[in-house]
Structures are given as structure tokens and as C-alpha cells.
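Asks: Need coordinates for the below:
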Amino acid sequence: MKTTQIIRSTALLLVVCFALSACTKVPITNRRQVNLLPESTLIGMSLDTYNGYLKEYPVIKKGADYQKIQNTGKRISKAVEAFLGSGRASKRVKNFQWEFNLLEDDKNINAFALPGGKVVFLSGIMPICKTEEGVAVVMSHEIAHAIARHGNERVSSGLAVQLGGIGLGAALGSKPAQTQNIFNQAYGVTSSLGMLSFSRKHESEADKMGIVFMAMAGYDPNEAVDFWSRMKATGGDAPAEFLSTHPSHETRIKDLKEFMPEAMKYYKGPGKTNSTGKKTDGKTKVVKPNSSNSGNTNSNNGKVKTTKPKSGTTSPTPNKKKVLKPKKGGL
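Replies: Alright, predicted model coming up:
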């Protein structure tokens with residue numbers, strides 16, 4: 001009996017120690033999380049989903065919308081990497097190889113980011129984005145999901161709920177199709193009622209992180225309120241909030257407005273008055289207002305600079321397309 005108790009106590013101690021060693025803080029929000037799965041394994045799994053999408057849908061490689069995706073992706077990813085610096089938080093993008101793709105699918109309004117920095121936009125969302133600033137709202141939101149490692153938490157939860165808590169390696173070996181489906185649900189490629197509260201919490205966190213990230217890249221975070229107002233105006237019968245994987249549009253807009261003063265601390269766009277009383281010249285400074293807001297360690301006293309792309313990169317607004325009802329999942 002004593003031997004059994006010792007074994008159980010030892011096992012519990014190992015689990016606690018492992019959980020504590022895996023516990024980290026999410027940048028910006030400082031929420032504590034436990035990532036139990038190797039991020040490198042999830043990055044490997046993401047390639048199957050990513051390459052599958054690139055084969056299934058035509059890839060758009062030119063035009064105004066394509067240029068908007070490339071501009072915002074490069075600006076925001078650079079600003080995020082600069083913000084994370086070279087400290088512990090930089091590990092969140094250590095193995096990232098950024099790619100930003102626009103796929104031809106006008107029937108669905110969706111976008112998602114996979115581990116490793118692979119971001120996908122479906123063309124159906126572009127009429128709602130309208131401008132490069134609108135694209136920046138979606139881009140920063142999706143990148144926030146990747147930086148916060150929300151998918152890692154969701155896959156862990158999905159393995160526990162749907163496959164009885166078996167390890168990822170065992171799940172891939174015995175039930176590869178189910179495991180891949182859990183992965184797709186976790187990263188917003190599909191939707192599942194099994195992850196509702198988890199998804200809503202992550203969506204709200206990505207909203208907050210996203211408007212900070214777009215502010216760092218020189219985009220006015222107030223555009224996020226306008227974007228979600230346009231999304232709300234697309235029409236259709238949105239499901240009740242408790243049946244949705246996302247907060248209601250009203251809740252989302254309200255929360256964004258409440259968090260906006262915090263996001264504006266990071267915005268140093270053209271014509272914005274800085275702390276010295278002088279107006280900026282269009283170059284964006286990525287500055288952490290104080291250590292308590294960021295939750296990161298930076299080797300450069302929390303201040304790094306990124307340069308805003310030359311003027312003239314903003315593409316003209318494309319011709320209006322028919323706005324369709326949003327697809328579940330993703331955004």
C-alpha cells in the first residue's frame with residue numbers, strides 16, 4: 001500500500017513539475033498557459049493542412065488584394081519579431097518561416113494562421129477588409145493566435161476530450177485522421193462545438209493582442225472596430241453567442257473599444273504626437289509602454305525600431321464583390 005502511494009505521489013510530483021516547467025505567459029495579456037505539446041511537432045502537422053489548402057484552391061499571386069496581403073504580413077510579422085526581441089519570448093517565433101497566401105474562394109469568409117507562420121486568407125473576406133488597414137486587422141488577429149500558441153492549448157484539449165487523453169504520438173499512429181481533424185479544428189480551419197468556451201477566450205485574447213500588433217506596425221488600431229462593424233453588417237442569422245466559436249459581434253466591438261486606449265499606447269503612426277511633443281515622420285517605433293503590459297523580456301531595454309515601408313505601397317481599393325455570410329471557424 002505504501003509503495004502504491006509513493007508511486008502515485010511521485011507521478012503527481014512529476015506531472016506538477018512538468019506543468020510548471022511548461023508554463024509560460026502570453027505576450028501582451030500576461031495570461032499564464034501550459035503548452036504540453038512540442039511546438040515543432042505541431043509545425044510539422046501544419047504543413048499537411050497548409051499544402052492541402054494550396055492544392056485545393058487556386059493561389060492568387062498578383063493584383064491589389066495580393067499586394068495588401070504581402071504588405072501587411074511583412075510589416076506586422078517584423079514588428080512582432082522586434083517586440084519579442086531576443087529574450088525568452090523570442091522562442092515563440094524561433095522556427096517560423098513566414099508565408100502569406102491569398103486563395104481564390106469567394107464563397108467563404110475566412111482566414112487562419114498555422115504554427116510556423118503560415119497565414120491563409122480566402123478571397124471572400126477581402127470585400128469586408130476593403131483597405132490595407134482592414135487586412136491588417138485580420139492579419140494581426142491571426143498572427144496573434146500563432147504567437148499566443150492557442151492551437152497548442154486546443155489540440156491538448158481535443159486529445160483529452162475526443163481521444164481519451166492519449167499522447168500526440170500515439171494518436172497520430174493509431175488514429176491519424178481523427179488527430180488531423182482535431183488539429184484543423186484547433187487552428188480554425190474547421191469549426192467544432194467541442195471547443196466553444198476555449199475558442200471564445202482565445203478569440204478575445206487574439207483581438208487584444210492583434211490591435212496592439214497592428215499598432216506596432218503603424219496601422220491605426222481603431223480600424224478594428226470599423227472592420228467588425230462591417231462584418232456585422234454582412235447580414236445573415238448569426239448563431240447565439242453560446243453556440244458560436246466566437247464572441248458575438250456586439251461583444252467583440254465593445255471589448256475592442258474598452259481595450260483601445262491600451263493599444264493606442266503602441267501606435268506611433270504618421271502625424272502622431274510622441275512623448276517628446278514632436279510629430280513622427282512615418283517611421284514606426286515598437287515600444288513597450290512598461291514591462292507589466294508586455295510580459296516579455298527584451299535585451300534592448302524594451303525598445304526596438306522597425307521601419308515602415310515606403311509610401312505608395314498601399315494598394316487601391318478593389319472592385320466591390322458580393323459579400324457572403326461568414327463561414328464558421330477561422331476568424
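Asks: From here on, just use CA atoms for contacts and neighbour counts.
Replies: Fine.
Asks: ok so F100 is a strand residue?
Replies: Yes. With DSSP: H, G, I helix; E, B strand; the rest coil as the criterion, F100 is part of a strand.
Asks: Next, count neighbours for it.
Replies: 19 (other C-alpha atoms under 10 Å).
Asks: got it, and K94?
Replies: 11.
Asks: Over to the one 4 residues further on?
Replies: Here the number of neighbours of W98 (other C-alpha under 10 Å) works out to 15.
Asks: need the contact list for it.
Replies: Contact analysis of W98 by C-alpha atoms under 8 Å, 6 or more residues apart in numbering lists S77, G116, G117, K118, V119.
Asks: Take those residues and write them to CSV, including secondary structure, distance to E223 and neighbour count.
Replies: Below are these laid out as CSV (DSSP: H, G, I helix; E, B strand; the rest coil; distance: C-alpha to C-alpha, whole Å; neighbours: other C-alpha atoms under 10 Å):
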residue, secondary structure, distance to E223, neighbour count
S77, helix, 18, 21
G116, coil, 27, 23
G117, coil, 23, 22
K118, strand, 24, 21
V119, strand, 20, 22
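Asks: Next, format these as a markdown table and append pLDDT and distance to E133.
Replies: Shown next, in a markdown table, are the contacts of W98 (pLDDT from 0 to 100; distance: C-alpha to C-alpha, whole Å):
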| residue | pLDDT | distance to E133 |
| --- | --- | --- |
| S77 | 97 | 15 |
| G116 | 91 | 24 |
| G117 | 94 | 20 |
| K118 | 95 | 20 |
| V119 | 96 | 17 |
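Asks: out of those, which one sits closest to V155?
Replies: G116 (15.6 Å; C-alpha to C-alpha).
Asks: which stretches of the stretch 1-150 of the chain have low pLDDT?
Replies: Scanning the stretch 1-150 of the chain with the threshold set as pLDDT under 70 gives 1-23.
Asks: mind listing the helices for it?
Replies: Here the stretch 1-150 of the chain has its helices, by DSSP state H, counting those that start in this stretch, at 2-22, 39-56, 64-84, 126-129, 132-148, 150-162.
Asks: To V225, which of the ones you listed lies closest?
Replies: helix 132-148 (9.2 Å).
Asks: Show me what the closest one is packed against.
Replies: helix 64-84, strand 111-114, strand 118-122, helix 126-129, helix 196-216, helix 223-232 (3 or more C-alpha pairs under 8 Å, 6 or more residues apart in numbering; DSSP states H and E).
Asks: Could you export whatever helix or strand comes next after the last one as PDB, CA atoms only?
Replies: The helix or strand immediately downstream of helix 223-232 is helix 249-264, counting by DSSP states H and E. Extracted C-alpha coordinates of helix 249-264, given in PDB (Å, rounded to 0.1, in the frame of the first residue of the first chain):
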ATOM      1  CA  HIS A 249     -20.100  41.000 -32.900                       C
ATOM      2  CA  GLU A 250     -21.600  43.300 -30.200                       C
ATOM      3  CA  THR A 251     -19.400  41.800 -27.500                       C
ATOM      4  CA  ARG A 252     -16.400  41.900 -29.700                       C
ATOM      5  CA  ILE A 253     -16.800  45.600 -30.700                       C
ATOM      6  CA  LYS A 254     -17.500  46.500 -27.000                       C
ATOM      7  CA  ASP A 255     -14.400  44.700 -25.800                       C
ATOM      8  CA  LEU A 256     -12.200  46.300 -28.600                       C
ATOM      9  CA  LYS A 257     -13.400  49.800 -27.700                       C
ATOM     10  CA  GLU A 258     -12.600  49.200 -24.000                       C
ATOM     11  CA  PHE A 259      -9.100  47.900 -24.800                       C
ATOM     12  CA  MET A 260      -8.300  50.600 -27.400                       C
ATOM     13  CA  PRO A 261      -6.600  53.100 -25.000                       C
ATOM     14  CA  GLU A 262      -4.100  50.400 -24.200                       C
ATOM     15  CA  ALA A 263      -3.400  49.600 -27.900                       C
ATOM     16  CA  MET A 264      -3.000  53.200 -28.700                       C
END
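Asks: Just the buried positions in helix 249-264, please.
Replies: H249, R252, I253, D255, L256, M260, A263, M264 (16 or more other C-alpha atoms under 10 Å).
Asks: can those go into CSV with extra columns for distance to F100 and pLDDT?
Replies: CSV is the format used below for these (distance: C-alpha to C-alpha, whole Å; pLDDT from 0 to 100):
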residue, distance to F100, pLDDT
H249, 26, 87
R252, 25, 92
I253, 26, 95
D255, 28, 96
L256, 25, 97
M260, 27, 97
A263, 24, 97
M264, 26, 97
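Asks: can you list those residues in CSV and add distance to G124?
Replies: Below are the buried residues of helix 249-264 laid out as CSV (distance: C-alpha to C-alpha, whole Å):
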residue, distance to G124
H249, 19
R252, 21
I253, 21
D255, 25
L256, 24
M260, 27
A263, 28
M264, 29
